[in-house]
Each structure stands twice: as structure tokens, then as C-alpha cells.
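*Asks:* Prediction below, plus the sequence it came from.
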Amino acid sequence: MLKLAIDFGTAVTKIFRIGSGIVLAEPTALTVSKETGEIRAFGAEAKRLLGKTAEATDVVFPVYEGEIVEERFAAALLEYFLAKCARRTFGGIEALFCVPCGIRVEAREKYYRVAKSAGISRVSFAETPYLVALGQDVPLSESNPVFALDIGAGKTSAAAFSLDGIIAGLTMNVGGTNMDIHLIDHIAELYNLKIGALTAEKLKNTIGSLIPGDLQQMVINGRDITTGRPRSVSVTSEDVLFPIRTYVDKILEYAELAMRKLPAEVSAAMCKNGVFLAGGVCNLAGFADYTADRLQMEAHLAPDVSTAVILGGGRVVGSNALMKKICLE
Ligand SMILES: Nc1ncnc2c1ncn2[C@@H]1O[C@H](COP(=O)(O)OP(=O)(O)OP(=O)(O)O)[C@@H](O)[C@H]1O
Ligand SMILES: [Mg+2]
């Protein structure tokens, strides 16, 4: 049986194949004809069209805030990804899905249906904070609780856990996409310039920074709101700080809330171990120092924050012992 870990992220789908490692990382997007419902493009090709499609075509993101919202499109996209990286073998496919902490049963059932219709025969689930820790080789035991955050595009999952299970955890619908949307409004206010979603994301990912006084700059193109003409401006890290920090602060506030629910001994052990960070948003310059300062504990950034969760998923799916310990019932 072919064994996979699949992180069907709001922005990016990652797939790990036992024996090969990470075999896919592609936008969770497709384009659909508004008239006929016919799917035209998948993955990277579909995302490139965001904001550029003709009126008759929609760019659809079938996973929203960490949950499947468009089952038919999600299944078609998953089938496309599987055809790219996991050609059918005898014995079928077993997949471990990396899912938000505390995911509801109905949401899991959707994953299940989508997986089945994409040709996956065995399905299991693991919550992403666990995988953040396993993906960066944090030694987990029954007695040593750790705290981890997975900050993605559409959601943030935070949990304190040991190998015995999750002690306290929560998922909030805040992530990188909120920053991008707010950034569009912010640039309009600052420069009277209308920019698209792809430009906003690029701006955040290129010069977004939580380092005080960071002097990075980037030239962006947009449309002058008054004249309607194309115009370029040079934007600084300081200019984009407000929309980014607003959501980072929200995320860390929630994280603190999760920590406050913990029993005293758990809290003490966890503070000693520090917080383990992964998810694409943790790529922001200065993220670990900012977090350490806000949460008053050490902050450990995964070696590659964008792939830690899927690497953790790969570790679990490759180990019967971890599958028994970590997977949701
Ligand atoms: N250098 C960067 N700086 C800031 N944000 C970044 C950077 N690189 C990627 N991101 C953001 O990280 C997010 C994608 O991260 P990730 O792949 O962890 O999310 P996801 O798994 O698709 O979403 P979710 O976990 O919410 O379902 C996007 O919002 C992306 O813009
Ligand atoms: Mg994710």
C-alpha cells in the first residue's frame, strides 16, 4: 500500500510520500467556468490567474480557513495532485491528513468523502500542532508537555500536548490571508493605489517584518484610485507593518489564552521548553524574537517553517507506534 501524508492547506497543499519525502507543494486552487462549472486549470497555474481571469472564470480555493468548503472541487484537485505525485499502485493509497486542532466530526467527514472520491482507500487524521513538534524532531514523551503553533494562510492552531494527547488546544480563523486583505486597504489609504491579492501577498512575503526599524523596500505596481491609471510606488517594511502586526498580535493573544487554561505544572514545564513555531506566516522576518518577547518564553522556529507540518505528517504515517499515539479516533 502506498502511504502518504497530505496537508490540504488553505493556501498550499503539501504531500509527503513514504520512501520519497515531500513530493508536492502547490497552491490549493483551481479555475472554474462560471457558466458550465467545468474545471479549467489546477494548482499553480490556477493561482497565477488570480485577479486576471475573464469574468466568466472563477478562481476557487476549495479549502477555507482550514476546512473543506467545496467538496466537488476539493476532490477534483486532490485527484489531480495524486495523479502528479502518487500514481496508483497495487493495494491502494493510505493517507494521513494534517488537520486543524479540534476539528469537528462533520469537517472530518468531508475530508473522508473527498479522499474516497479521489481514490484514497484508508484515511486517518492528525492535528497540526503535534506535527509541528514532530517535524522538527522535538523529543516528545508522556511526561514532558510542549506548546506549538501552526500559523497558516487561513487558520492558526495552537496546542499544549504530550505524547499522551492534547492538554489544551484551539484553532482560530486568523492567518496570512487576513494580513493580505488588510494590506490591500492599507496601501489604498497610504498611496491611493489599488493593488491585487497576489501583489499584497508578495509584498507581505518579501518585505513583511516584525524587526523594529527594518528598512527593506519593494516597488509595486497598481492602479491609481483617482485617475485609474497604472502607477508604481516604493513601499517600505514600516508601511506594511500595521496590517501584519495587527494579526500577529491577535494570534499571540489567542495563544496566551490557550496557555492560561493549563494546569500550573503543565504551564511551568511548557514555559521551560518554549514554544515551537511553524506554518508559512512564521517566515516573517523577526517572527521568533517577536513571539518570544510577547509570550515571555523561548521561541523555536522550525528549520523550514513551511514544511514542518508535512514532515511531521510523514514521520507519523511512517511509524505504526506514532499512528496509534497521535491519530484522531
Ligand atoms: N516569507 C513569508 N512571509 C510571510 N508570510 C508568508 C511567507 N511565505 C509564505 N507566507 C504565507 O504563509 C501562508 C501559507 O502558509 P502555509 O502553507 O503554512 O498555509 P496553509 O497550510 O496553506 O494554510 P492553513 O494551514 O491555514 O490551512 C500564506 O498566507 C503565505 O502568504
Ligand atoms: Mg497549514
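*Replies:* Structure received. Ligands and ions are numbered 1, 2, ... in the order given.
*Asks:* C-alpha from now on. contacts and neighbour counts both.
*Replies:* Noted.
*Asks:* Figure out the helix or strand that the nearest residue to Gly21 once chain neighbours are set aside lives in.
*Replies:* With sequence-adjacent residues excluded and distances taken as CA to CA, 6 or more residues apart in numbering, Gly21 is closest to Gly314, at 7.5 Å. Assessed by DSSP states H and E, Gly314 sits inside helix 308-317.
*Asks:* Which neighbouring elements make contact with that helix?
*Replies:* On a contact count with 3 or more CA pairs under 8 Å, 6 or more residues apart in numbering; DSSP states H and E, helix 308-317 meets strand 2-8, strand 12-17, strand 21-27, strand 93-99, helix 128-134, helix 320-326.
*Asks:* Please name whichever of these is nearest to Leu262.
*Replies:* Checking the helices and strands packed on helix 308-317 against Leu262 by CA to CA gives helix 128-134 as the closest, at 16.1 Å.
*Asks:* Need the mean per-residue confidence for whichever helix or strand comes after that closest one.
*Replies:* Under the assignment DSSP H and E, the closest C-terminal helix or strand after helix 128-134 is strand 146-151. Mean per-residue pLDDT for strand 146-151: 97.
*Asks:* go on, stretch 18-32?
*Replies:* Mean predicted confidence for stretch 18-32 is 97.
*Asks:* Alpha carbons only: can I get it in PDB?
*Replies:* What follows is stretch 18-32, C-alpha atoms only, in PDB (Å, rounded to 0.1, in the frame of the first residue of the first chain):
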ATOM      1  CA  ILE A  18       6.900   7.400   2.300                       C
ATOM      2  CA  GLY A  19      10.200   6.400   0.600                       C
ATOM      3  CA  SER A  20      10.400   9.700  -1.400                       C
ATOM      4  CA  GLY A  21       9.900  12.600   1.100                       C
ATOM      5  CA  ILE A  22       8.000  15.800   0.100                       C
ATOM      6  CA  VAL A  23       6.700  15.200  -3.500                       C
ATOM      7  CA  LEU A  24       4.300  18.100  -3.900                       C
ATOM      8  CA  ALA A  25       3.800  21.700  -2.700                       C
ATOM      9  CA  GLU A  26       1.300  23.500  -4.800                       C
ATOM     10  CA  PRO A  27      -1.500  26.100  -4.400                       C
ATOM     11  CA  THR A  28      -4.800  24.700  -3.300                       C
ATOM     12  CA  ALA A  29      -6.600  26.400  -6.100                       C
ATOM     13  CA  LEU A  30      -8.400  25.700  -9.400                       C
ATOM     14  CA  THR A  31     -10.200  27.700 -12.000                       C
ATOM     15  CA  VAL A  32     -13.800  27.000 -12.900                       C
END
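*Asks:* Just the buried positions in that stretch, please.
*Replies:* By neighbour count on 16 or more other CA atoms under 10 Å, the buried set for stretch 18-32 is 18, 22-32.
*Asks:* can I get the residues you listed in JSON lines with distance to ligand 2?
*Replies:* Shown next, in JSON lines, are the buried residues of stretch 18-32 (distance: CA to the ion, whole Å):
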{"residue": "Ile18", "distance to ligand 2": "20"}
{"residue": "Ile22", "distance to ligand 2": "15"}
{"residue": "Val23", "distance to ligand 2": "16"}
{"residue": "Leu24", "distance to ligand 2": "14"}
{"residue": "Ala25", "distance to ligand 2": "11"}
{"residue": "Glu26", "distance to ligand 2": "12"}
{"residue": "Pro27", "distance to ligand 2": "12"}
{"residue": "Thr28", "distance to ligand 2": "11"}
{"residue": "Ala29", "distance to ligand 2": "14"}
{"residue": "Leu30", "distance to ligand 2": "18"}
{"residue": "Thr31", "distance to ligand 2": "21"}
{"residue": "Val32", "distance to ligand 2": "24"}
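*Asks:* is it true that the residue nearest to Gly21 touches Asp7?
*Replies:* No. Judged on CA atoms under 8 Å, Gly314 makes no contact with Asp7 at a distance of 10.2 Å.
*Asks:* more crowded one of those two?
*Replies:* Each of Gly314 and Asp7 has its neighbours counted (other CA atoms under 10 Å); Gly314 has more, 28 against 23.
*Asks:* Domain-wise, how is this protein divided?
*Replies:* Using automatic domain parsing, the domains assigned to the chain come out as 2-130+309-326, 140-301.
*Asks:* right, is the first one up against ligand 1?
*Replies:* Yes. Domain 2-130+309-326 is in contact with ligand 1 by CA under 6 Å from any ligand atom, via 9-12, 65-66.
*Asks:* Tell me which two in those residues are the farthest apart.
*Replies:* It's Val12 and Glu65 that sit farthest apart of the residues of domain 2-130+309-326 next to ligand 1, by CA to CA, at 12.0 Å.
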